[in-house]
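Asker: predicted structure and sequence below. I'll ask about it afterward.
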Amino acid sequence: MPDTQVPSDVVSALPEWYRSTARDLPWRRPEFHDEFGAWGVLVSEFMLQQTPVVRVIPHLDAWLKRWPTPARMASASAADVVQQWANLGYPRRALWLHRAAVEITDRHGGVVPRGVDDLLALSGIGDYTARAVAVFAYGDRHPVVDTNTRRVLARAVEGRAQPGAPSRRDLDLMASLLPDDIDAAAMFNAAAMELGATVCTSRSPRCELCPLAGSCAWLAAGRPDTGDERRRQAAYEGSDRQARGAVLRLLRTLDPEPVPLAAVLPDWPDAGQRDRAIDSLIADGLAEADGSALFLPR
């Protein structure tokens, strides 16, 4: 356990606040778990990486109706998966999810594994997603730490405006706060994430609504600017990411027909950037080329 004084109401007030204010999200409903189980939780966690909840919900519903099990998705083509991902962003996640579905089908008989180590061995799954599935799908007791949780811990416990770089310390601190009861521990994990997503936000925290305001170390210190070590993402407009997105939209629009290379964004203002975008999509497995044309992966 980290050598940090933990305010008592971080442990006691969060669950009570969560019971009365938690958003009604599909993956939190019992009927969602009854229908899709751990696979539904895994798909939702992939989609929620770096993507707002409001954008995920309609895509999640369509995805799980089309591929309600890992085996169903494993039988799909990579092109189908990239096409279905649509405008969710960071489309490599779609390929990782597809690979994970194949691995689950081949290694685990089509059942999403329960163990954290088994989950970590799947494509595209890191510390957060593995523990989120183990906790929220299977009810096991683990610390679940995402960006929102890290910010709550940094402010309420450590008195910092923003969390530092992700480290094992985050998991250890969260583990030290978890109730012994398994159900209570799962709720505490969810409550910390919910607080960071809706109240203890990065740019405009609403401290007047926070259940931890009475003992928050950062608030008590006057909300000081203690620096921000987070990596800054470059602006989207004019970026290579924008060019990649434009190429991928074109391929999705014309799929299954290949697009002659000469017809791929011929009027893009930076031809070198367009070519880098094409090359990077091929390198990531999101596109294929036969020398004269470009198309979604087969």
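Answerer: On my side now, so go ahead. Numbering: from 1, shown residues only.
Asker: pLDDT-wise, which helix or strand of the chain ranks last?
Answerer: helix 8-21 (a mean of 84; mean pLDDT, DSSP states H and E).
Asker: which SSE is immediately downstream of that helix?
Answerer: helix 30-48 (DSSP states H and E).
Asker: chain center to that following helix, what's the gap?
Answerer: In terms of Cα atoms, centre = their mean, to the nearest Å, the centre of helix 30-48 is set 13 Å apart from its chain centre.
Asker: show the subsequent helix or strand relative to that helix.
Answerer: For helix 30-48, the following helix or strand on the C-terminal side (DSSP H and E) is helix 53-66.
Asker: elements contacting that next one?
Answerer: With contacts defined as 3 or more Cβ pairs under 8 Å, 6 or more residues apart in numbering; DSSP states H and E, helix 53-66 has these neighbours: helix 30-48, helix 78-85. Every C-beta, even on glycine, is put in place using the N, C-alpha and C of the backbone.
Asker: helices and strands around the least confident helix or strand of the chain, which ones?
Answerer: Looks like helix 8-21 contacts helix 182-198 (3+ Cβ pairs under 8 Å, 6+ apart).
Asker: in the helix it packs on, which residues are buried?
Answerer: Neighbour counts over helix 182-198 (16 or more other Cβ atoms under 10 Å) mark 185-197 as buried.
Asker: just stretch 98-110 next, same as before
Answerer: Within stretch 98-110, the residues that count as buried by 16+ other Cβ under 10 Å are H98, R99, A100, A101, V102, E103, I104, T105.
Asker: likewise stretch 134-142?
Answerer: So for stretch 134-142, counting by 16+ other Cβ under 10 Å, buried means A134, V135, F136, A137, Y138, D140, R141, H142.
Asker: which non-adjacent residue is nearest the last one?
Answerer: Once its chain neighbours are removed from consideration, H142 has its nearest residue in R131; the separation is 4.4 Å (Cβ to Cβ, 6 or more residues apart in numbering).
Asker: V247 is in what secondary structure piece?
Answerer: Judged by DSSP H and E, V247 forms part of helix 240-254.
Asker: between that helix and helix 78-85, how many degrees?
Answerer: Interaxial angle, helix 240-254 versus helix 78-85 (axes from the mean of the first three to the mean of the last three Cα atoms, to 10 degrees): 110 degrees.
Asker: ok, then the element right after helix 240-254?
Answerer: For helix 240-254, the following helix or strand on the C-terminal side (DSSP H and E) is strand 259-260.
Asker: and that following strand, what does it pack onto?
Answerer: Judged by 3+ Cβ pairs under 8 Å, 6+ apart, the packing partners of strand 259-260 are strand 293-295.
Asker: neighbouring strands of the strand it packs on in the sheet, and parallel or not?
Answerer: Using DSSP bridges, the strands paired with strand 293-295 are strand 259-260 (antiparallel), strand 288-289 (antiparallel).
Asker: let me have those in a markdown table, extended by mean pLDDT and mean neighbour count.
Answerer: Compiled in a markdown table, these are given as follows (pLDDT from 0 to 100; neighbours: other Cβ atoms under 10 Å):
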| stretch | mean pLDDT | mean neighbour count |
| --- | --- | --- |
| strand 259-260 | 96 | 16 |
| strand 288-289 | 96 | 16 |
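Asker: was I right about R141 contacting V135?
Answerer: Yes. R141 is in contact with V135 according to Cβ atoms under 8 Å; the separation is 7.3 Å.
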